[in-house]
Structures are given as structure tokens and as C-alpha cells.
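1. need a 3D model of the following:
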Amino acid sequence: LMTVGGVLSILGTNSNTVLAGPRYLYALAQDGFGPAALATLHPRYRTPTVAILTQTAIALPLAFSGSFEVLATLSVVARLATYFGTALAVPVLRRKLQAPANAFRIPGGPVIPLAAASLCVVFALSAERENLVAGAIALAVGFVLYRFQRKPDGKAALG
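-> Numbers count the residues shown, from 1 in each chain. Presented below is the predicted three-dimensional model:
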């Protein structure tokens, strides 16, 4: 029963990544983050073909390069980075955005998001150094893409 549950969970996660991953690349490129080619759609099928091929070109070598354990750990490090950024964004967005009067608010203000960010750091520190370095490289690539965001006219701009 546990094996069936594990297999279904892995299949669900992989299906989500295969379907949503290229759309993230497509949406980011539409907003000027990354090459403009990633923001193109196939004329007949209306799918982000270049983004799908790009994700495949990145994922296949990773899939063939390591063991399941290494790839699972890399996935966890990547998710922790995402959760960390999300947790830190909550207090910032609460200050910047006006919440409707009937919006749900968790008691304690920024305590829960800061505790969540702290837990992400604690969990990340349990990863092996190689996984943290790989995660740092991925974050650096993302930062470079962010810094060189394209303007609407197609030219790259700093900041």
C-alpha cells in the first residue's frame, strides 16, 4: 500500500512538473525574464514548444546524471528555496498591499512566515554540500535572468 501511494505521489509530481514547468518558463519570458523565444507558441497547437524543449534539454541530462536519491535531494533543496522566498514575501506583501476588510489574518503577524523561513534554512542545512552548491548555482542563474530583464522593445536592461 505504501509503495502504491509512493508511486502515485511521484507520478503526480512528475506530471505536474512536465505540464506546468514549461508554462512557468513561457510566462516568465512573456514578462521579459529570459529569452524571448521561450514566450512563443506553436502556431497550430498553441503550446510553448521552445519552453517544452528547453525544459526537456535541462531535465534529461539531470535524470541520467544521478541516482534517485541525489535527484530527490536536489528537488527538496529547490523547493526549500521556493518556500523560503514565499515565506519572506508574506510580511513584505502585507505591508505593501491593502488587504480587504474581510481578509483572513493569521494571529501573530510576521511570526509564522519568519518561523517558516527559519525552518527552510534548518532543513536546507541538512542537505549535502554538493546539493547546496547546485541550488546556489540555480539561484545565481535565476538572479542573472532577473537582472537582465528584457524591456518591452526586446532589449536587456539592468535592474
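2. what does the helix or strand encompassing Thr54 contact?
-> Per DSSP states H and E: Thr54 is located in helix 49-65. Outside helix 49-65, the residues that touch it by CB atoms under 8 Å, 6 or more residues apart in numbering are 21-23, 25-26, 29, 37-38, 40-42, 71, 74. Placement of C-beta: from N, CA and C, glycine included.
3. what's the PyMOL syntax to select whichever of those residues are buried?
-> A single PyMOL command suffices to select whichever of those are buried according to 16 or more other CB atoms under 10 Å:
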select buried, resi 21+22+25+26+29+38+74
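4. all the strands of the chain, in order from the start?
-> Taking DSSP state E, the chain contains no strands at all.
5. for it, give me the ranges with low pLDDT.
-> 151-159 (pLDDT under 70).
6. picking up where we left off before, in the helix holding Thr54, which residues are buried?
-> Quick answer for helix 49-65 (16+ other CB under 10 Å): Thr49, Val50, Ala51, Ile52, Thr54, Gln55.
7. cool, stretch 117-125 as well?
-> Ala117, Cys120, Ala124.
8. ditto for stretch 9-27
-> For stretch 9-27, using 16+ other CB under 10 Å, the buried residues are Gly21, Pro22, Leu25, Tyr26.
9. just to revisit the earlier point, now, among the buried residues of stretch 117-125, which is nearest to Leu8?
-> Cys120 (26.3 Å; CB to CB).
10. check the gap between the residue nearest the centre of the chain and Ala124 for me.
-> What sits nearest the mean C-alpha location of the chain, by CA atoms, centre = their mean, is Thr82, with 5.7 Å. For Thr82, the distance to Ala124 (CB to CB, to the nearest Å) stands at 12 Å.
11. one more: Pro35?
-> 29 Å.
12. domain parsing for this protein?
-> Using the TED database, the domain parsing of the chain gives 1-65, 67-149.
13. helices - which of the buried residues of stretch 117-125 land there?
-> Among these, the members falling in helices (DSSP state H) are Ala117, Cys120, Ala124.
14. how about the residues you listed in JSON lines, adding distance to Ala138?
-> Below are those laid out as JSON lines (distance: CB to CB, whole Å):
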{"residue": "Ala117", "distance to Ala138": "19"}
{"residue": "Cys120", "distance to Ala138": "15"}
{"residue": "Ala124", "distance to Ala138": "13"}
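15. may I have the phi/psi pair for the residue located most distally from the centre of the chain?
-> The outermost residue of the chain, judged against the average C-alpha position, is Ala101 (31.3 Å), by CA atoms, centre = their mean. Taking degrees, to the nearest 10, you get phi -60, psi -30 for the backbone angles of Ala101.
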